[in-house]
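Student: This is a predicted model, with the sequence first.
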Amino acid sequence: MPIRTSHPRLTALLLATVALPLILAACSSSTTSAASTTTTRAAGSSGTNPACALVTPTQIQSALDKTVGSPSASNSTGSTACTYPATNGRKSDSVIITFRSNVTPAQAAAEEAALEKSHATVTPISVTGGQAFSFTTTSGTETVTGLVTVVGESQLSIASTATLGQTESLAQEIFSSLSSKAASSTTGPAA
């Protein structure tokens with residue numbers, strides 16, 4: 001089922017493009033140099049990553065039917081990957097959600113082409129106000145499904161062994177959460 005957006009969802013997506021760069025800017029303090037350095041830490045450590053806090057293990061259980069623990073975050077310039085480890089110990093049941101800012105349409109197209117070249121099946125998805133595609137790839141006996149959505153310059157990627165419909169549902173929840181954060185940060189008491 002493709003992600004189809006109506007005007008309220010378009011508003012949510014547009015507000016999300018305001019919130020995501022702000023959240024990633026807060027995360028960028030964990031990078032250690034101006035180069036593309038990556039820092040990894042568990043979400044339970046001091047300075048919990050704001051991007052990973054957007055999605056709880058309970059939401060993943062509800063949307064993807066995957067029981068996961070608290071995420072660990074890998075931060076690099078403009079990007080945060082949140083890995084939610086499966087509580088059953090099977091790495092294939094883990095969920096990875098990546099937030100990235102300053103993504104151009106050319107970069108998104110290059111990523112899509114790279115996935116196709118690596119033998120993944122890539123399918124464009126209709127999204128109002130942005131671009132998206134899903135991908136599936138098989139590793140051993142497991143099939144990984146991913147969804148990559150770019151709205152403005154903000155990219156959200158979700159990868160797991162859940163179905164595409166479940167993944168789309170979680171993506172919509174995340175965009176709603178981002179739009180709520182953007183709305184609350186842009187509407188406040190007048191000074």
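Tutor: Alright, I've got the coordinates.

Student: Output the longest helix belonging to the protein.
Tutor: helix 164-186 (DSSP state H).

Student: Which strands or helices does it pack on?
Tutor: helix 7-27, helix 57-64, strand 130-139, strand 142-151, strand 154-160 (3 or more CB pairs under 8 Å, 6 or more residues apart in numbering; DSSP states H and E). The C-beta positions use only the backbone N, C-alpha and C, and glycine is treated the same way.

Student: Rounded mean pLDDT for it, please.
Tutor: Across helix 164-186, the average pLDDT comes to 81.

Student: Could you check the angle that helix makes with strand 142-151?
Tutor: 30 degrees (axes from the mean of the first three to the mean of the last three CA atoms, to 10 degrees).

Student: just the CA coordinates of helix 164-186, formatted as PDB?
Tutor: What follows is helix 164-186, C-alpha atoms only, in PDB (Å, rounded to 0.1, in the frame of the first residue of the first chain):
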ATOM      1  CA  LEU A 164       6.100  -2.700   3.700                       C
ATOM      2  CA  GLY A 165       2.600  -1.900   5.000                       C
ATOM      3  CA  GLN A 166       3.800  -2.000   8.600                       C
ATOM      4  CA  THR A 167       6.900   0.000   7.700                       C
ATOM      5  CA  GLU A 168       4.800   2.700   6.000                       C
ATOM      6  CA  SER A 169       2.600   2.900   9.100                       C
ATOM      7  CA  LEU A 170       5.600   3.500  11.300                       C
ATOM      8  CA  ALA A 171       6.900   6.100   8.900                       C
ATOM      9  CA  GLN A 172       3.600   8.000   9.000                       C
ATOM     10  CA  GLU A 173       3.700   7.900  12.900                       C
ATOM     11  CA  ILE A 174       7.300   9.300  12.800                       C
ATOM     12  CA  PHE A 175       6.300  12.100  10.400                       C
ATOM     13  CA  SER A 176       3.300  12.900  12.600                       C
ATOM     14  CA  SER A 177       5.600  13.100  15.700                       C
ATOM     15  CA  LEU A 178       8.000  15.400  13.800                       C
ATOM     16  CA  SER A 179       5.200  17.700  12.700                       C
ATOM     17  CA  SER A 180       3.900  17.900  16.300                       C
ATOM     18  CA  LYS A 181       7.400  18.800  17.500                       C
ATOM     19  CA  ALA A 182       7.800  21.400  14.700                       C
ATOM     20  CA  ALA A 183       4.300  22.900  15.400                       C
ATOM     21  CA  SER A 184       5.100  23.200  19.200                       C
ATOM     22  CA  SER A 185       8.500  24.800  18.500                       C
ATOM     23  CA  THR A 186       7.100  27.300  16.000                       C
END
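
Student: That helix: which residues count as buried?
Tutor: For helix 164-186, burial by neighbour count (16 or more other CB atoms under 10 Å) applies to 164, 166-179, 181-182.
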